[in-house]
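Peer 1: Based on what follows, work out the 3D shape:
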Amino acid sequence: MSDIDNLTARLNQETARIRWHELQPFFARGQTVRIDPGLDLVSVATAFAEDHREQVQSWMQDQRVALVSDDMSATWLAADQEVWAVVVAPWVLVQPVTTH
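Peer 2: Alright, predicted model coming up:
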């Protein structure tokens, strides 16, 4: 298994569902990053961990990856939103849990 495969597997195992309100300390420090539901959270986390700046910047330019805004946080708090989260220090990457 390659190093990237090991990293991806580790990040996948560290991903968990959590209520947004539990992540407020990280949000207050500006450390929460919203990942568009159309992206694979673990793939984005791997790109962050591997410092794939061009890919991350591309997602950011397309608004598919962005810091969680005050408005988004307030909406998620009001809805008691559950998110998928994974830590890639110093960031906490979050993606809303959606029901289909």
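Peer 1: Phi first, then psi, for the nearest residue to T75 once chain neighbours are set aside.
Peer 2: Among residues not flanking T75 along the chain, Q81 sits closest, at 7.6 Å (Cβ to Cβ, 6 or more residues apart in numbering). All C-beta atoms are positioned from the backbone trio N, CA, C, and that covers glycine. Dihedral pair for Q81: phi -60, psi 140, per degrees, to the nearest 10.
Peer 1: Contact partners for Q81?
Peer 2: R19, W20, T75, P96, V97 (Cβ atoms under 8 Å, 6 or more residues apart in numbering).
Peer 1: Nearest to Q55 among those?
Peer 2: The shortest gap between Q55 and any of the contacts of Q81 belongs to P96, at 21.5 Å (Cβ to Cβ).
Peer 1: Please report how far that closest one lies from H21.
Peer 2: With the distance defined as Cβ to Cβ, to the nearest Å, P96 ends up 14 Å from H21.
Peer 1: Who has more neighbours out of these two?
Peer 2: P96 (17 against 12; other Cβ atoms under 10 Å).
Peer 1: Give me the local confidence score for that one.
Peer 2: pLDDT recorded at P96 is 96.
Peer 1: Please determine how far it is located from V56.
Peer 2: 19 Å.
Peer 1: How about V42?
Peer 2: From V42 across to V56, the span is 14 Å (Cβ to Cβ).
Peer 1: More neighbours: which of these two?
Peer 2: In this view V42 and V56 are compared by other Cβ under 10 Å, and V42 has more residues nearby, 22 against 16.
Peer 1: Make sure I have this right: that one is in a helix.
Peer 2: Yes - counting by DSSP: H, G, I helix; E, B strand; the rest coil, V42 falls inside a helix.
Peer 1: mind checking how far it is from P25?
Peer 2: Distance from V42 to P25, counting by Cβ to Cβ: 24 Å.
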